[in-house]
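sequence and predicted structure are below.
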Amino acid sequence: MPAIATTPTLKGVRLTRTYGDGAKRRAALQHVSLDLFPGQIALLMGPSGSGKSTLLAVLSGLLEPDEGQVLADDGGELRDVWAMTQKQREEYRLRTTGFVFQGFNLFPALNARQQLEIVLNWGGYAHGGEARRQADDMLDRLGLTPNRHKKPAQLSGGEKQRVAIGRALVKNPSFVFADEPTSALDWENGQKVMELLRDGAHERGASILVVSHDHRLLPYVDVYYHLEDGHLEERPLTPPGH
Ligand SMILES: Nc1ncnc2c1ncn2[C@@H]1O[C@H](COP(=O)(O)OP(=O)(O)OP(=O)(O)O)[C@@H](O)[C@H]1O
């Protein structure tokens, strides 16, 4: 188990988010605070409708909270994500954040290598031959070299999710947010995906937050949060008595 830094790279501070108006008003998050650390993979679980996707969207700069702050380490300085202009926030997200979704969200017209190259091109990380080299290097780590010329329609679910993880990690992001990354996969491929995400945290120093319903993911993470009715608590990784 690697040493996890003691200074958080992302701090969610007393986050509250409600949906609807009047009698239909409902709090999806109520004063939720949590810290994410570099080199750490965290799991967020909770019943359906407990606010997991809302928390992920707020922390990743996609959904504005009604109250509270999201403070992110950006170049050694803690910045309030929701005090940035929209343009600053988009630039910050592009520079610092990778996403992995249940439905893979790959570009249908691009092959595996191009899915990674385009991220490097758009973010200005690498171009031309250098982008291709970095994309191929990541595909090799993911065991996808024989598939690098295939488009999503020619890949299995597990292969598509591995490409999606490569796309999230190739720019060496500070944060990776993964929403149900294993739920469309069989358990064998689900385990591979969790190993790759764990390596992304432990070897590349990313802060990774995985949202899932699946307790089998617990052995792959460093910390476990349970969300219920908009309230968050940290729980032990090993249940009492084990
Ligand atoms: N856009 C919206 N408008 C109104 N209510 C919403 C909206 N998005 C979410 N909610 C409500 O907020 C609560 C939390 O939803 P959220 O999607 O964050 O939960 P979740 O834990 O991710 O659920 P699941 O595990 O089913 O994906 C739910 O009661 C949901 O119905």
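Yep, it's here.

and this structure, which residues reach the ligand?
Counting by CB under 6 Å from any ligand atom, the residues of the chain lying close to the ligand are 19-20, 28, 46, 48-54. C-betas here are computed from N, CA, C, even on glycine.

quick check: mean pLDDT of the helix or strand containing Glu91?
In the assignment (DSSP states H and E), Glu91 maps to helix 86-96. For helix 86-96, the mean per-residue pLDDT is 92.

again, but for stretch 66-77
Mean predicted lDDT for stretch 66-77 stands at 91.

how about JSON lines for the residues of the chain next to the ligand, with neighbour count, secondary structure and pLDDT added?
Listed next are the residues of the chain next to the ligand as JSON lines, based on neighbours: other CB atoms under 10 Å; DSSP: H, G, I helix; E, B strand; the rest coil; pLDDT from 0 to 100:
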{"residue": "Tyr19", "neighbour count": "11", "secondary structure": "strand", "pLDDT": "94"}
{"residue": "Gly20", "neighbour count": "10", "secondary structure": "coil", "pLDDT": "88"}
{"residue": "Ala28", "neighbour count": "25", "secondary structure": "strand", "pLDDT": "93"}
{"residue": "Gly46", "neighbour count": "21", "secondary structure": "coil", "pLDDT": "94"}
{"residue": "Ser48", "neighbour count": "6", "secondary structure": "coil", "pLDDT": "90"}
{"residue": "Gly49", "neighbour count": "13", "secondary structure": "coil", "pLDDT": "89"}
{"residue": "Ser50", "neighbour count": "20", "secondary structure": "coil", "pLDDT": "91"}
{"residue": "Gly51", "neighbour count": "24", "secondary structure": "coil", "pLDDT": "93"}
{"residue": "Lys52", "neighbour count": "25", "secondary structure": "helix", "pLDDT": "94"}
{"residue": "Ser53", "neighbour count": "16", "secondary structure": "helix", "pLDDT": "92"}
{"residue": "Thr54", "neighbour count": "22", "secondary structure": "helix", "pLDDT": "94"}
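
which pair in those residues spans the largest distance?
Of all pairs drawn from the residues of the chain next to the ligand, the widest gap by CB to CB lies between Gly20 and Gly46 and measures 20.1 Å.

one step back: ok, then the element right after the helix holding Glu91?
strand 97-101.

what does that next one rub up against?
60-61, 105, 161, 164-165, 167-169, 171, 173-181, 197, 206 (CB atoms under 8 Å, 6 or more residues apart in numbering).

and what of stretch 219-236?
1, 4, 27-34, 40-47, 50-52, 55, 191, 194-195, 197-198, 201, 210, 218, 237.

for it, what is the distance to the chain centroid?
The gap between where stretch 219-236 is centred and where its chain is centred comes out at 15 Å by CA atoms, centre = their mean, to the nearest Å.

for stretch 168-184, same thing?
Distance, centroid of stretch 168-184 to centroid of chain: 4 Å (CA atoms, centre = their mean).
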